[in-house]
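1. The following comprises the amino acid sequence and a computationally predicted model.
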Amino acid sequence: MAGAALYREQLVGGWAGRTHRPHLVARPADLAGLQQALAEAHATGRSVIAMGAGCSYADQIQNGQGVVIDCRGLAGVETWDPATGRLAVRAGTTLADILRLGLPSGWTLPGVPGSFMVTVGGAIANNVHGKDAHRFSFGRAVRAVELLGADGGVTTVTRDGDGLLFRGVLGGMGLLGIVVAAELQLERIPSAWVEVETVRTFSLAESLEVFERRSERDFALGWINSLASGARQGAGVISFARWAER
(Lines give C-alpha, C1' and ligand atoms only; values in the text may rest on other atoms or scores of the structure.)
Protein backbone atom coordinates (compact mmCIF):
# COMPACT_ATOMS: atom_id res chain seq x y z
CA MET A 1 0.00 0.00 0.00
CA ALA A 2 1.32 3.45 -0.90
CA GLY A 3 2.53 5.32 2.16
CA ALA A 4 2.19 2.17 4.24
CA ALA A 5 4.31 3.72 7.00
CA LEU A 6 1.11 5.40 8.17
CA TYR A 7 -0.68 2.08 8.60
CA ARG A 8 0.00 -0.86 10.88
CA GLU A 9 -1.95 -4.07 11.10
CA GLN A 10 -3.73 -4.58 14.41
CA LEU A 11 -6.84 -6.22 15.79
CA VAL A 12 -9.91 -3.98 15.79
CA GLY A 13 -13.08 -4.90 17.66
CA GLY A 14 -16.02 -3.49 19.56
CA TRP A 15 -16.55 -2.99 23.26
CA ALA A 16 -17.96 -6.48 23.78
CA GLY A 17 -14.74 -8.01 22.45
CA ARG A 18 -16.39 -10.74 20.38
CA THR A 19 -15.50 -9.71 16.84
CA HIS A 20 -11.84 -8.68 16.79
CA ARG A 21 -10.37 -8.83 13.29
CA PRO A 22 -7.06 -7.62 11.78
CA HIS A 23 -7.18 -4.23 10.06
CA LEU A 24 -4.77 -1.70 8.68
CA VAL A 25 -4.94 1.17 11.18
CA ALA A 26 -3.50 4.70 11.00
CA ARG A 27 -2.99 6.80 14.14
CA PRO A 28 -2.58 10.44 13.04
CA ALA A 29 -1.52 12.98 15.65
CA ASP A 30 -3.06 16.03 13.97
CA LEU A 31 -5.34 17.16 11.16
CA ALA A 32 -2.55 17.11 8.56
CA GLY A 33 -1.78 13.50 9.47
CA LEU A 34 -5.45 12.61 9.21
CA GLN A 35 -5.70 14.20 5.77
CA GLN A 36 -2.59 12.31 4.64
CA ALA A 37 -4.00 8.99 5.90
CA LEU A 38 -7.24 9.68 4.08
CA ALA A 39 -5.44 10.57 0.84
CA GLU A 40 -3.27 7.46 0.91
CA ALA A 41 -6.27 5.21 1.50
CA HIS A 42 -8.09 6.78 -1.44
CA ALA A 43 -5.01 6.44 -3.65
CA THR A 44 -5.26 2.65 -3.31
CA GLY A 45 -9.05 2.54 -3.62
CA ARG A 46 -9.61 1.59 0.04
CA SER A 47 -12.59 2.83 1.99
CA VAL A 48 -12.07 4.55 5.34
CA ILE A 49 -13.84 4.44 8.66
CA ALA A 50 -12.99 6.61 11.67
CA MET A 51 -12.53 5.14 15.15
CA GLY A 52 -12.63 6.84 18.52
CA ALA A 53 -12.01 5.05 21.81
CA GLY A 54 -13.41 1.74 20.58
CA CYS A 55 -16.38 1.82 22.96
CA SER A 56 -19.00 0.95 20.33
CA TYR A 57 -20.74 -2.40 20.37
CA ALA A 58 -20.68 -5.01 17.59
CA ASP A 59 -18.61 -4.36 14.47
CA GLN A 60 -19.32 -0.77 13.52
CA ILE A 61 -15.64 0.27 13.76
CA GLN A 62 -14.54 -2.58 11.49
CA ASN A 63 -14.10 -2.05 7.78
CA GLY A 64 -13.68 -5.30 5.86
CA GLN A 65 -11.04 -4.76 3.17
CA GLY A 66 -10.77 -1.03 3.94
CA VAL A 67 -8.75 0.83 6.56
CA VAL A 68 -9.45 2.29 9.99
CA ILE A 69 -8.22 5.69 11.18
CA ASP A 70 -7.84 5.96 14.95
CA CYS A 71 -8.64 9.59 15.77
CA ARG A 72 -7.64 9.63 19.43
CA GLY A 73 -4.49 11.57 18.60
CA LEU A 74 -6.60 14.58 17.58
CA ALA A 75 -7.32 15.53 21.18
CA GLY A 76 -7.26 18.67 23.24
CA VAL A 77 -9.31 21.61 24.47
CA GLU A 78 -9.03 24.65 22.23
CA THR A 79 -11.18 27.16 24.16
CA TRP A 80 -13.15 26.98 27.41
CA ASP A 81 -15.32 29.67 29.02
CA PRO A 82 -16.37 28.66 32.56
CA ALA A 83 -18.74 31.64 32.71
CA THR A 84 -20.89 30.48 29.77
CA GLY A 85 -20.10 26.75 29.59
CA ARG A 86 -19.06 27.07 25.93
CA LEU A 87 -16.27 24.72 24.90
CA ALA A 88 -14.31 24.05 21.70
CA VAL A 89 -12.45 20.74 21.51
CA ARG A 90 -10.77 18.44 19.02
CA ALA A 91 -12.59 15.22 18.25
CA GLY A 92 -10.26 12.85 20.10
CA THR A 93 -10.93 14.55 23.42
CA THR A 94 -12.69 12.22 25.87
CA LEU A 95 -15.82 13.02 27.83
CA ALA A 96 -13.76 12.44 30.99
CA ASP A 97 -11.46 15.30 29.95
CA ILE A 98 -14.45 17.59 29.54
CA LEU A 99 -16.08 16.60 32.82
CA ARG A 100 -12.84 17.14 34.73
CA LEU A 101 -12.84 20.65 33.32
CA GLY A 102 -16.55 21.45 33.63
CA LEU A 103 -17.76 19.88 36.87
CA PRO A 104 -15.69 22.06 39.25
CA SER A 105 -17.21 25.13 37.55
CA GLY A 106 -20.78 23.81 37.71
CA TRP A 107 -21.16 22.45 34.17
CA THR A 108 -21.83 18.99 32.75
CA LEU A 109 -22.59 17.25 29.45
CA PRO A 110 -25.94 15.77 28.46
CA GLY A 111 -26.14 12.20 27.20
CA VAL A 112 -23.00 10.87 28.91
CA PRO A 113 -22.89 7.08 28.36
CA GLY A 114 -21.55 4.44 30.71
CA SER A 115 -17.92 4.93 29.65
CA PHE A 116 -16.36 8.35 30.20
CA MET A 117 -13.58 7.36 27.78
CA VAL A 118 -15.84 7.90 24.75
CA THR A 119 -14.39 10.55 22.44
CA VAL A 120 -16.28 13.63 21.30
CA GLY A 121 -16.08 12.48 17.68
CA GLY A 122 -17.53 9.08 18.58
CA ALA A 123 -20.20 10.65 20.77
CA ILE A 124 -21.35 12.84 17.88
CA ALA A 125 -21.18 10.07 15.26
CA ASN A 126 -23.34 7.82 17.45
CA ASN A 127 -25.35 10.62 19.13
CA VAL A 128 -24.81 8.67 22.34
CA HIS A 129 -27.16 8.68 25.30
CA GLY A 130 -26.92 8.05 29.02
CA LYS A 131 -29.25 7.66 31.97
CA ASP A 132 -30.90 10.96 30.96
CA ALA A 133 -32.05 9.48 27.63
CA HIS A 134 -35.72 10.16 28.44
CA ARG A 135 -34.83 13.86 28.21
CA PHE A 136 -32.12 14.25 25.58
CA SER A 137 -28.99 12.80 23.95
CA PHE A 138 -25.44 14.05 23.48
CA GLY A 139 -26.50 15.97 20.39
CA ARG A 140 -28.17 18.55 22.63
CA ALA A 141 -24.71 19.90 23.53
CA VAL A 142 -23.37 20.19 19.97
CA ARG A 143 -23.44 23.64 18.40
CA ALA A 144 -21.01 23.18 15.51
CA VAL A 145 -18.65 20.57 14.06
CA GLU A 146 -15.59 20.71 11.83
CA LEU A 147 -16.19 17.96 9.25
CA LEU A 148 -13.47 16.40 7.12
CA GLY A 149 -14.90 15.34 3.76
CA ALA A 150 -13.77 12.66 1.32
CA ASP A 151 -11.94 15.32 -0.71
CA GLY A 152 -9.74 16.20 2.28
CA GLY A 153 -11.39 19.58 2.85
CA VAL A 154 -12.77 20.71 6.21
CA THR A 155 -16.22 22.30 6.44
CA THR A 156 -17.83 24.00 9.42
CA VAL A 157 -21.36 22.66 9.98
CA THR A 158 -23.51 24.58 12.46
CA ARG A 159 -26.78 23.83 14.20
CA ASP A 160 -28.31 27.17 13.22
CA GLY A 161 -26.98 27.50 9.68
CA ASP A 162 -26.86 23.95 8.32
CA GLY A 163 -29.86 22.26 9.90
CA LEU A 164 -30.35 19.31 7.53
CA LEU A 165 -26.65 18.40 7.25
CA PHE A 166 -26.13 19.03 10.95
CA ARG A 167 -28.90 16.57 11.86
CA GLY A 168 -27.40 14.05 9.44
CA VAL A 169 -23.99 14.28 11.11
CA LEU A 170 -25.50 13.67 14.57
CA GLY A 171 -25.82 9.91 14.72
CA GLY A 172 -24.59 9.63 11.12
CA MET A 173 -21.90 7.05 12.04
CA GLY A 174 -19.24 9.11 10.27
CA LEU A 175 -20.71 8.36 6.85
CA LEU A 176 -21.00 12.05 5.94
CA GLY A 177 -17.44 12.84 6.98
CA ILE A 178 -15.03 12.58 9.90
CA VAL A 179 -15.61 14.98 12.81
CA VAL A 180 -12.28 16.62 13.62
CA ALA A 181 -13.45 19.26 16.11
CA ALA A 182 -16.62 20.50 17.77
CA GLU A 183 -18.10 23.39 19.67
CA LEU A 184 -20.20 22.32 22.65
CA GLN A 185 -22.58 24.05 25.06
CA LEU A 186 -22.46 22.42 28.49
CA GLU A 187 -25.40 22.27 30.92
CA ARG A 188 -25.44 24.30 34.13
CA ILE A 189 -25.87 22.17 37.29
CA PRO A 190 -26.12 23.15 40.99
CA SER A 191 -23.48 20.65 42.12
CA ALA A 192 -21.59 17.56 40.98
CA TRP A 193 -23.77 15.32 43.20
CA VAL A 194 -27.14 13.67 42.68
CA GLU A 195 -29.92 12.57 45.03
CA VAL A 196 -30.97 8.99 44.24
CA GLU A 197 -34.30 7.24 44.82
CA THR A 198 -34.68 3.50 44.20
CA VAL A 199 -38.11 1.90 43.73
CA ARG A 200 -38.94 -1.79 43.64
CA THR A 201 -41.76 -2.77 41.28
CA PHE A 202 -43.73 -6.01 40.96
CA SER A 203 -45.07 -5.98 37.39
CA LEU A 204 -44.45 -4.43 33.99
CA ALA A 205 -47.48 -2.18 34.37
CA GLU A 206 -46.19 -0.88 37.70
CA SER A 207 -42.69 -0.36 36.27
CA LEU A 208 -44.07 1.73 33.40
CA GLU A 209 -46.27 3.70 35.78
CA VAL A 210 -43.32 4.46 38.06
CA PHE A 211 -41.28 5.71 35.10
CA GLU A 212 -44.17 7.90 33.95
CA ARG A 213 -44.75 9.44 37.38
CA ARG A 214 -41.10 10.46 37.68
CA SER A 215 -40.47 11.52 34.11
CA GLU A 216 -39.24 14.95 35.27
CA ARG A 217 -36.22 13.45 37.08
CA ASP A 218 -32.81 14.16 35.62
CA PHE A 219 -31.81 10.49 35.41
CA ALA A 220 -33.66 7.17 35.25
CA LEU A 221 -32.47 3.57 35.10
CA GLY A 222 -34.48 0.36 35.33
CA TRP A 223 -33.52 -3.29 35.66
CA ILE A 224 -36.53 -5.28 34.48
CA ASN A 225 -37.11 -9.03 34.93
CA SER A 226 -38.26 -10.26 31.53
CA LEU A 227 -37.85 -13.93 32.44
CA ALA A 228 -40.53 -13.99 35.12
CA SER A 229 -43.91 -15.31 34.08
CA GLY A 230 -47.45 -14.35 34.90
CA ALA A 231 -48.25 -11.21 36.84
CA ARG A 232 -44.65 -10.70 37.96
CA GLN A 233 -43.26 -10.37 34.44
CA GLY A 234 -41.59 -6.98 34.14
CA ALA A 235 -40.99 -6.59 37.86
CA GLY A 236 -37.76 -4.80 38.61
CA VAL A 237 -35.68 -2.24 40.43
CA ILE A 238 -35.79 1.33 39.12
CA SER A 239 -33.48 4.15 40.17
CA PHE A 240 -34.05 7.86 39.67
CA ALA A 241 -31.77 10.78 40.38
CA ARG A 242 -31.83 14.54 40.33
CA TRP A 243 -29.02 17.02 40.62
CA ALA A 244 -28.52 17.93 44.28
CA GLU A 245 -28.33 21.51 45.47
CA ARG A 246 -25.01 22.55 46.95
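-> Okay, I see it.
2. Enumerate every residue touching the nearest residue to residue 58 once chain neighbours are set aside.
-> Nearest residue to residue 58, sequence neighbours excluded (Cβ to Cβ, 6 or more residues apart in numbering): residue 14, at 5.2 Å. All C-beta spots, glycine's among them, are computed from the backbone N, C-alpha and C. Going by Cβ atoms under 8 Å, 6 or more residues apart in numbering, residue 14 touches 54, 56-62.
3. In PyMOL, select just the buried ones from the residues you listed.
-> Those of the contacts of residue 14 that count as buried under 16 or more other Cβ atoms under 10 Å are selected in PyMOL with:
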select buried, resi 54+56+59+61+62
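4. I'd assumed residue 166 was in a helix, is it?
-> Yes. Counting by DSSP: H, G, I helix; E, B strand; the rest coil, residue 166 is found in a helix.
5. I'd like the distance between it and residue 175.
-> Residue 166 is 14 Å from residue 175, where distance means Cβ to Cβ, to the nearest Å.
6. Of these two, which one has the most company?
-> The neighbour comparison of residue 166 against residue 175 (other Cβ atoms under 10 Å) goes to residue 166, with 20 against 9.
7. in terms of contact, does the more buried one touch residue 158 like I think?
-> Yes. Residue 166 is in contact with residue 158 according to Cβ atoms under 8 Å; the separation is 6.6 Å.
8. show me where pLDDT drops low in the chain?
-> 1-5 (pLDDT under 70).
9. Tell me which stretches of it form helices.
-> Ranges of helices in the chain, per DSSP state H, are 31-43, 95-102, 120-126, 163-169, 204-213.
10. In a markdown table: these, plus distance to residue 111.
-> Formatted as a markdown table, the helices of the chain follow (distance: least, Cβ to Cβ, whole Å):
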| stretch | distance to residue 111 |
| --- | --- |
| helix 31-43 | 25 |
| helix 95-102 | 9 |
| helix 120-126 | 7 |
| helix 163-169 | 15 |
| helix 204-213 | 18 |
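11. ok, now which ones touch the residue nearest the centre of the chain?
-> For the chain, residue 123 is the residue whose C-alpha lies nearest the centre (Cα atoms, centre = their mean; 1.5 Å). By Cβ under 8 Å, 6+ apart, residue 123 lies in contact with 52, 95, 111, 113, 138.
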